[in-house]
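>>> Pasted the sequence and its predicted model underneath.
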Amino acid sequence: MENRTPLILVVDDDRSTRIILRLILEQDGCEVVDVENGQQCLNAYLTRKPDMVLLDAKMPVMDGFTCCAELQKLPLGASTPILMIAGLDDQASVDKAFAAGAMDYVTKPIHPPILRRRLRHLLEASWAEQAVRDSEARYRSVVDHLKEVIFQINQEGNLAFLNPVWSELTGFVREEAINHRLAEYVHPGDRQQFNQYIDQLFHRERSECRFDVRFLHQAGSFGWMEVYACAIPGPDGKIVGISGSLADVTERKYQDQRLSVERATTRVLAEVATLSEAVPNLLQAISKSLGWEYGELWLMDETNNTLKCVESWFELEEKMGSFQIASSSANFALASGLIQRIWTHDGPLWLTDNAIQDIHANSFPQAGMQTAFSFPILEGYNRLGVMVFSKREHQAMDASLLKIMGSIGTQLGEFIMRKRAEEEVQHQHAKLQSELDQAAGYVRSLIPPPMTGPVSIQHQFIPSNQLGGDVFDYYWLDSDHLAIYLLDVAGHGIRSTLLSVSVLNVVRSQSLLDTDFYQPSSVLDGLNEVFQMNEQGDDYFTIWYGVYNCKTQKLKYASGGHPAVLLASAQNPIQPLEVRSIPIGMMTGFPYDQFECDIQTGSALYLFSDGVYEIVQPNGEVWTFDGFMTVVSEYQRRQFDTLDPLFQQIQHIAGNKSFEDDYSLMKISFDSVQPKQTLPPIPYAAQAATPIAANPF
């Protein structure tokens, strides 16, 4: 990536997320194009032809899954890597993403280091595939003239001609191969296919053919050859022979296998729920992708400090029998022979000939394994086990394959660690839920009561089951200046709540050094210096902070990645006060701008978190900010005296289910008067009978 500037197409309906992704990607030297829904993504893809698409799963107009499937149909769309953004622990979305054609996924909240690693991995894999295709095209252009084996087969089916390149590519003496059948040099597993094509040429069932088979090398190993053959007709039309060429495509095949095993491993680890499901699928996926015959997984039994073979897979199932039983029950002490060599080796290991026989000497000597490799399963620096794969062919060491398998060992270690952590989470769930309930009660106790007077404030706070990190506050800085703010910490749970409470205490006590709490931008600058997110990419938050001057009727405000507030007055309809900025903690030294607006008598300001509108409706679509603004506009027009009707309407839109994120909403009325009408909430049955778009209430 240091030598080129990748073009990344970012698709997300959340503006703050797009801003954050743009900053992260541009810092890494990427060019970024961002759009807000799937339909715009398709248009941008046809126009810009990006190197990669970073696609949110849930969006209005066209969701990420539909967009991903449509991208596959566009020119070069199937070869463009797609990284899907899914919800945390949303396995259904992960499965749906892979089914639609995504190559990988990340979860929200987005962790910049993980995003960079996944992005780099997918880009390099995509470029490697293109490089292989380009390299193959250039290679063929050269070997057509210099490096291809030219052969001719006579009517008897024997070799009649070979050019000198034959000896260079196979190691066999050209003169000794003449008058032998070409099939003798083909791998036994591919010989039937090879003879079938040759027979079809002799019997005029086809005039030419092109296919890949494995060819024997004089040293005992096998390599891949691309065979091109065509029939030679005589004067009477009868086939008198076959001519053609052989091109060595071994490296291309190995590269394809290496890419295939990476994808297969990623898919297995993403699709399975438990380790017991993953292991057999993983052994089979790796073996089949690489064309190896046998695989074993050994895990450490810490109770007696031994390695145990917990799973094995063999290509020829009829040969398993007693071998599988013997291998699965084997128990090698760490001090014994080859298993000690494998276990203590620093990284992946390539094994050949006699060393392989030592592995199976007591259980499967008739297998005749010639080549094997192993790699450790790591959790950080801790070794959890080892995987061993073998086959009956001799193959020279493949350093690139070993490097890839080492990375897979780390992935598998992370998978094991994650599954163990999930079990622990389930074990602690009841206790955690109790702690969350207590934390929610504590947050409620910190929220001030409703305010009355020249400025009146109503509010609603409904925490989600896991707590979303919302908190808000308001107080008089002096007799003329009222400070109002609402913040939303990324993530859920006790950690997010502790951070939100910490920020509230710092602001409420005005303990930020060199900070003018009458100036919103100064407050955000101060918070951004004190509260920086950690290495795991969490502990950041959005905030809207405003100061209202009762004498001048002016409102100063600043935003750190927070949704736009809504301002309504008698003269003007609802309008959003938008500010482009990033959340607190994302970047040190980021300057936050400050804005000012006049507040007319009788105006109302609505301040809220994204939990009030980022709601999945019963039809599966995500409710939008614009939809929320329409509902608030109708609520404001009808001048209800409480926030209950607004909440009931939003709850109805959500299908009367609990909210997935904290619901935080404040209504600040300036020099308010008595409402012109006080109407009771419309029953749910009446609401359901009237479309939301036509009459939100």
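Everything's here; your move.
>>> Would you mind listing where the protein has pLDDT under the threshold?
1-2, 88-90, 136-146, 316-339, 353-368, 425, 427-436, 672-697 (pLDDT under 70).
>>> The longest helix belonging to the chain: which residues count as buried?
Longest helix in the chain, counting residues (DSSP state H): helix 112-143. Using 16 or more other CB atoms under 10 Å as the test for burial, helix 112-143 gives 112, 115-116, 118-119, 121-123, 125-127, 132, 136, 139, 143. Backbone N, C-alpha and C define where each C-beta goes, glycine included.
>>> what number of residues lie near G537?
A count of neighbours around G537, defined by other CB atoms under 10 Å, yields 19.
>>> Identify the residue spatially nearest to it, adjacent ones excluded.
H111 (3.5 Å; CB to CB, 6 or more residues apart in numbering).
>>> In this structure that neighbour contacts E535, no?
No: the pair H111 and E535 does not pass the contact test of CB atoms under 8 Å, sitting 9.4 Å apart.
>>> circling back: mind giving me the packing neighbours of the longest helix of the chain?
Here helix 112-143 touches helix 15-27, strand 52-56, strand 82-87, strand 104-108, strand 239-248, helix 250-271, going by 3 or more CB pairs under 8 Å, 6 or more residues apart in numbering; DSSP states H and E.
>>> Let me know which of these is the nearest to E148.
Closest to E148 of the helices and strands packed on helix 112-143 is strand 239-248 (CB to CB; 4.4 Å).
>>> How far does the closest one sit from its chain's centre?
47 Å (CA atoms, centre = their mean, to the nearest Å).
>>> Now that strand: buried residues?
G241, I242, S243, G244, S245, L246, A247, D248.
>>> got it, and stretch 340-349?
Result for stretch 340-349 [16+ other CB under 10 Å]: buried residues I342, W343, P348, L349.
>>> first vs last residue of that stretch, how far apart are they?
Start and end residues of stretch 340-349 are separated by 12 Å (CA to CA, to the nearest Å).
>>> what do you get for stretch 615-634?
With CA to CA, one end of stretch 615-634 sits 19 Å from the other.
>>> can you list the residues that contact that stretch?
13, 58-60, 63, 563-564, 566, 568, 573-574, 576, 606, 612-614, 646, 649-650, 653-655, 659-660, 692-693, 695-697 (CB atoms under 8 Å, 6 or more residues apart in numbering).
>>> Give me the buried positions along it.
I615, V622, W623, T624, F625, G627, F628, M629, V631, V632, S633, E634.
>>> Please apply the same query to stretch 258-268.
R258, L259, S260, V261, E262, A264, T265, T266, V268.
>>> how about the residues you listed in a markdown table, adding distance to C597?
Output for the buried residues of stretch 258-268, formatted as a markdown table (distance: CB to CB, whole Å):
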| residue | distance to C597 |
| --- | --- |
| R258 | 59 |
| L259 | 56 |
| S260 | 59 |
| V261 | 59 |
| E262 | 54 |
| A264 | 57 |
| T265 | 55 |
| T266 | 50 |
| V268 | 55 |
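>>> now, which of those residues sits nearest C550?
T266 (59.3 Å).
>>> CSV for the buried residues of strand 239-248, including distance to R392?
Listed next are the buried residues of strand 239-248 as CSV, based on distance: CB to CB, whole Å:
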residue, distance to R392
G241, 35
I242, 31
S243, 33
G244, 29
S245, 29
L246, 24
A247, 26
D248, 22
